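> quick one, fold the following:
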Amino acid sequence: MVEYMNDRLDAVFHALSDPTRRAMLQDLSAGERLVGELAAPFSISLAAASKHIKVLEGAGLVRREVRGRAHVCRLDAEPMHAGMEWMRHYEAFWRGRIDVLEALLLAEDAAKGVDTQPRKTETKR
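The predicted structure is shown next:
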């Protein structure tokens, strides 16, 4: 089970690592798009766009439906949740480290006799 979750998380981060794929996801966040519509903003072939979409599909971020000859793609943002949870863990870690740094800097300033109180700025009317 853990290996599956790691594989899914790896696939999501891999898919999000490319700016073309991130732009495609941004476009899909507004609604369904045909493969040609997803490829249009880029100087890439339909084959190259299809490869990008396959990576997004492999990560579970895009669902493709064939309607006649048209391939319609839609966003499925649910797999990003695991990535967000992973990042939240490290957000808490870094927030704690920044708090420690702030305390050290304030202590250093206090030892030097530096005023650490925030200055009030006057607003002009």
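
> measure residue 36 to residue 50 for me?
Counting by C-beta to C-beta, to the nearest Å, the separation of residue 36 from residue 50 is 10 Å. For glycine as for every other residue, the C-beta is placed from the backbone atoms N, C-alpha and C.

> so which of these two has more stuff around it?
residue 50 (16 against 11; other C-beta atoms under 10 Å).

> the more buried one against residue 35, yeah?
Yes - counting by C-beta atoms under 8 Å, residue 35 is a contact partner of residue 50 at 6.2 Å.

> how about the strands in the chain?
Taking DSSP state E as the criterion, the chain carries its strands at 33-34, 62-67, 70-75.

> kindly reformat the ones you listed as JSON lines containing mean neighbour count and distance to residue 104.
What follows is the strands of the chain, written out as JSON lines (neighbours: other C-beta atoms under 10 Å; distance: least, C-beta to C-beta, whole Å):
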{"stretch": "strand 33-34", "mean neighbour count": "16", "distance to residue 104": "50"}
{"stretch": "strand 62-67", "mean neighbour count": "13", "distance to residue 104": "46"}
{"stretch": "strand 70-75", "mean neighbour count": "16", "distance to residue 104": "44"}
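
> can you redo these as CSV with distance to residue 11 and mean pLDDT?
Putting the strands of the chain into CSV (distance: least, C-beta to C-beta, whole Å; pLDDT from 0 to 100) gives the following:
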stretch, distance to residue 11, mean pLDDT
strand 33-34, 21, 96
strand 62-67, 12, 96
strand 70-75, 16, 96
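
> now render the ones you listed as TSV, adding distance to residue 83.
Formatted as TSV, the strands of the chain follow (distance: least, C-beta to C-beta, whole Å):
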stretch	distance to residue 83
strand 33-34	22
strand 62-67	15
strand 70-75	15
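
> which strands and helices sit next to the biggest helix by length in the chain?
As assigned by DSSP state H, the longest helix anywhere in the chain is helix 80-112. When contacts are defined as 3 or more C-beta pairs under 8 Å, 6 or more residues apart in numbering; DSSP states H and E, helix 80-112 packs onto helix 2-16.

> and the angle from the helix it packs on to helix 80-112?
Using axes from the mean of the first three to the mean of the last three C-alpha atoms, to 10 degrees, the direction of helix 2-16 lies 80 degrees away from that of helix 80-112.
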